[in-house]
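Chemist: turn this into a model:
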Amino acid sequence: MITRFFALAACTATLTLTPAFAQDGQPPRDNPYDVIGKVFAPFWGVLLDGSRSSNKACTMTIVMTQVTGRLPKQMEGATLKAAVQYPDKVRLTAPVLGEDITVCRNGDEVWAVPGQKVEYLLSQFKVKPGKTKKTNTPLFLPFTAQQAIFLPALFSMVRPEVAEIDTFNGEDCRLITAGLMPDLARAVHAEGFRAQIWVAPGYLPRKIVITQPDFSAVVEIRDLKFGASLQPSTWEVPAGITDVYRTNADMLDSVLFVVMNSLKMNEGDQPWLNAK
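Modeler: A predicted model of the protein is given here:
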């Protein structure tokens with residue numbers, strides 16, 4: 001669940017790769033489905049095959065500012081740095097076992113440092129995903145660029161007729177609150193799911209709150225940058241580091257899973273006992 005939550009947060013965070021600023025620098029006040037669509041649209045150039053966007057890479061910082069319920073309290077305050085480049089590059093740095101762990105996919109190769117800690121986590125976690133599904137994308141997503149156009153229709157907006165504005169970090173943002181469409185919510189057993197997103201001028205996401213009956217989490221998106229590509233060194237092991245775990249792209253989901261389920265934890269917390 002933690003991995004899926006961060007996938008959603010990261011996806012939402014990267015939706016702003018080609019901002020088109022709202023008129024007069026004001027937060028967007030158009031139909032909430034249109035707002036969500038404009039927030040989503042540039043993201044597909046980074047993570048999906050078939051997009052015509054010229055922006056194929058982005059970097060960002062994601063900060064877990066609050067967690068409740070069954071999410072481990074240790075996760076609160078965790079800061080993750082992520083980089084993604086179409087079609088086959090991903091890099092994530094996150095605090096685990098007292099230091100930052102970096103996981104990187106560079107084509108068919110996956111490496112992680114410090115390697116011994118990653119191998120230790122992989123040996124401890126009894127629950128791990130199977131082989132990563134191979135697609136012509138940095139991460140596996142269960143839809144195409146064409147299907148992604150219709151994703152906003154999966155949400156049921158709360159008070160869609162009201163353009164609610166809220167200030168976050170001194171910036172006026174459009175606040176959108178939504179659940180899943182009732183039939184979909186029942187099908188995936190997520191009737192209690194709620195999401196809020198603060199959207200700044202230019203359709204830029206600043207904050208996300210996700211609430212389920214058994215947990216809630218607040219995420220801030222910072223330092224979002226984008227472009228056609230990132231420096232080749234982004235995807236290479238830093239010079240001088242020898243403690244490296246190396247595997248292939250089949251293992252990407254497993255390595256990310258054990259890292260994401262261990263955020264800010266120490267060995268004594270035994271995060272592998274509660275992973276689902």
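
Chemist: ok, residue 256 touching residue 92?
Modeler: Yes: between residue 256 and residue 92 there is a contact at 6.8 Å, judged by Cβ atoms under 8 Å. (C-beta placed from N, C-alpha, C; glycine too.)

Chemist: overlap in contacts, the two.
Modeler: Residues touching both residue 256 and residue 92 (Cβ atoms under 8 Å, 6 or more residues apart in numbering) are residue 103.

Chemist: where do the strands sit along this structure?
Modeler: 57-69, 79-85, 89-96, 99-106, 109-113, 155-157, 165-168, 171-180, 194-200, 204-212, 215-227, 245-248 (DSSP state E).

Chemist: go through these and name the closest to residue 29.
Modeler: strand 171-180 (6.7 Å; Cβ to Cβ).

Chemist: packing partners of that closest one?
Modeler: Secondary-structure packing of strand 171-180 (3 or more Cβ pairs under 8 Å, 6 or more residues apart in numbering; DSSP states H and E): helix 32-40, strand 155-157, strand 165-168, strand 194-200, strand 204-212.

Chemist: got the contact list for the third one?
Modeler: In this case it means strand 165-168. Residues contacting strand 165-168 (Cβ under 8 Å, 6+ apart): 27, 29, 172, 173, 174, 175, 198, 200, 206, 207.

Chemist: any chance of the helices and strands packed on strand 171-180 in JSON lines with mean pLDDT, distance to residue 65 and mean neighbour count as columns?
Modeler: Listed next are these as JSON lines, based on pLDDT from 0 to 100; distance: least, Cβ to Cβ, whole Å; neighbours: other Cβ atoms under 10 Å:
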{"stretch": "helix 32-40", "mean pLDDT": "87", "distance to residue 65": "20", "mean neighbour count": "20"}
{"stretch": "strand 155-157", "mean pLDDT": "92", "distance to residue 65": "23", "mean neighbour count": "17"}
{"stretch": "strand 165-168", "mean pLDDT": "96", "distance to residue 65": "11", "mean neighbour count": "13"}
{"stretch": "strand 194-200", "mean pLDDT": "95", "distance to residue 65": "12", "mean neighbour count": "21"}
{"stretch": "strand 204-212", "mean pLDDT": "94", "distance to residue 65": "8", "mean neighbour count": "19"}
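
Chemist: any chance of CSV for these, columns distance to residue 97?
Modeler: Below are the helices and strands packed on strand 171-180 laid out as CSV (distance: least, Cβ to Cβ, whole Å):
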stretch, distance to residue 97
helix 32-40, 35
strand 155-157, 37
strand 165-168, 32
strand 194-200, 30
strand 204-212, 26
